[in-house]
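> Build the 3D model from these lines:
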Amino acid sequence: MKPRRLALLALAGLLLGGTLAGIYEWRQRQPETPPATLPDAYRQLPDFSLPNIEGGLWRVGQWRDKILVINFWASWCPPCRKEMPLFVQLQEQFADKEVLFVGIAIDNEQAARDFMDTYGIEFPVLLGEDQAMALSRQLGNRFQALPYTVVADRGEIQLRQAGEVLESELRPLLEKLTQER
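Residues are numbered from 1 along each chain as shown. I've put the predicted structure just below:
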């Protein structure tokens, strides 16, 4: 193959790859269908339980009266590491307003503990691995993206976000939900 043709094919491949990556990133940033237009079963937080980092069993039903911010993450996931300081900060700011952040680690226990120590996580962290990925799919994570965040108020899902959650998206939602209580 001639060098010029090879260079053109390489350039076309790079452009196509960049375009597909851009579309994927754009799609990740799009909000999910508004909960009011979805069937009830999809709007409601399902009943689930997972072991917490201390070895006890955590049931979502224990916290249905709170605003839950459930975040699926892994220690090896760069966007997960990027958004975690925001979650720690918002948990501190909204803790007295019935908001509870819950991390669900797609990791082994030691990796999850190290991650918690690194970011100063004091909210509940659950260990899920494969079971947690199945739960995230049940919650709408069609592409098995990490991080994946779900916000629910009294069991009704208000937000599903694949990819990193930005403060400009999450803070106004939490302020709105806490003011409506």
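> Let me see the ranges of the strands in the chain.
According to DSSP state E, the chain carries its strands in the segments 49-51, 57-59, 67-73, 99-105, 125-127, 148-153, 156-162.
> Quick check: Asp114 touching Ser75?
Yes - under the criterion of CB atoms under 8 Å, Asp114 is in contact with Ser75, at a separation of 6.6 Å. In this view, the C-beta of every residue, glycine as well, is placed from N, C-alpha and C.
> Those two: which has the busier surroundings?
Neighbour totals were compared for Asp114 and Ser75, and Ser75 leads with 20 against 12 (other CB atoms under 10 Å).
> wait, what's in contact with the more buried one?
81, 105, 107, 111-112, 114-115 (CB atoms under 8 Å, 6 or more residues apart in numbering).
> which among those end up buried?
Neighbour counting with 16 or more other CB atoms under 10 Å marks 81, 105, 107, 112, 115 as buried within the contacts of Ser75.
> Check pLDDT for those and point me to the minimum.
Lowest pLDDT of the buried ones among the contacts of Ser75: Asp107, 93.
> all helices for this structure, in order.
Taking DSSP state H as the criterion, the chain carries its helices at 3-29, 40-43, 78-94, 109-119, 129-138, 167-179.
> Show the backbone phi and psi for Gly140.
phi 110, psi 0 (degrees, to the nearest 10).
> where in the chain is pLDDT low?
Low-confidence segments of the chain, defined by pLDDT under 70: 4-42.
> Mind listing the residues bridging to the closest residue to Leu139 other than its chain neighbours?
For Leu139, ignoring the flanking residues on the chain, the nearest one in space by CB to CB, 6 or more residues apart in numbering is Val150 at 5.1 Å. Taking DSSP bridges as the rule, Val150 bridges to Ile70, Arg160.
> ok, Val150 - how many residues close by?
Residues lying near Val150 (other CB under 10 Å) number 23.
> So it is in contact with Leu159, correct?
Yes - the pair formed by Val150 and Leu159 meets the contact definition of CB under 8 Å, at 6.8 Å.
> roughly how far apart are the residue lying closest to Pro46 once chain neighbours are set aside and Trp58?
Counting by CB to CB, 6+ apart, Pro46 lies nearest to Gln138, which is 5.9 Å off, once chain neighbours are set aside. Counting by CB to CB, to the nearest Å, the gap between Gln138 and Trp58 amounts to 17 Å.
> ok so, going back, residues near the residue nearest to Pro46, how many?
Counted with other CB under 10 Å, the burial measure for Gln138 works out to 12 neighbours.
> Save the buried ones among the contacts of Ser75 as CSV, and put in distance to Phe48 too.
Output for the buried ones among the contacts of Ser75, formatted as CSV (distance: CB to CB, whole Å):
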residue, distance to Phe48
Arg81, 25
Ala105, 15
Asp107, 18
Ala112, 18
Phe115, 21
